[in-house]
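A.B. asks: Sequence first, predicted coordinates after that:
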Amino acid sequence: MASEFGLEVGEDGYLVDEEGDPVIPSGSDEPMTLEEFAGTGVGSRVFIKGDFNSVSEYVEEHRSDI
């Protein structure tokens with residue numbers, strides 16, 4: 001699924017974008033692995049980790065957008 005967003009797994013095991021820059025998920029300062037990737041925010045380059053806290057935080061922040 002990540003490849004559909006132009007993401008690849010870098011040499012260090014973390015997701016990188018088209019320019020080779022690490023993908024930093026919403027609400028975090030650290031890059032994420034493919035296993036942690038859950039999806040993207042609607043119409044943006046917001047990336048969300050696949051754990052309950054990350055998904056819940058994203059939903060709460062964007063509840064009024066839904």
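C.D. replies: On my side now, so go ahead.

A.B. asks: now the strands for this structure?
C.D. replies: Using DSSP state E, the strands of the chain run over 8-9, 15-16, 37-40, 47-49.

A.B. asks: Would you mind finding the most buried of the ones you listed?
C.D. replies: Across those, averaging neighbours per residue (mean count of other CB atoms under 10 Å) puts strand 47-49 on top, at a mean of 23. Where C-beta positions appear, they are placed from N, C-alpha and C, glycine not excepted.

A.B. asks: In terms of secondary structure, what does it contact?
C.D. replies: In terms of contacts (3 or more CB pairs under 8 Å, 6 or more residues apart in numbering; DSSP states H and E), strand 47-49 is packed against strand 37-40, helix 52-61.

A.B. asks: low pLDDT regions in the chain?
C.D. replies: Applying pLDDT under 70 to the chain picks out residues 42-44, 65-66.

A.B. asks: Excluding covalently adjacent residues, which one is nearest to the residue nearest to the spatial centre of it?
C.D. replies: The residue lying closest to the centre of the chain (CA atoms, centre = their mean) is F47, at 2.3 Å. Excluding its sequence neighbours, the residue lying closest to F47 (CB to CB, 6 or more residues apart in numbering) is P25, at 4.6 Å.

A.B. asks: Report how many residues lie close to that neighbour.
C.D. replies: 22 (other CB atoms under 10 Å).
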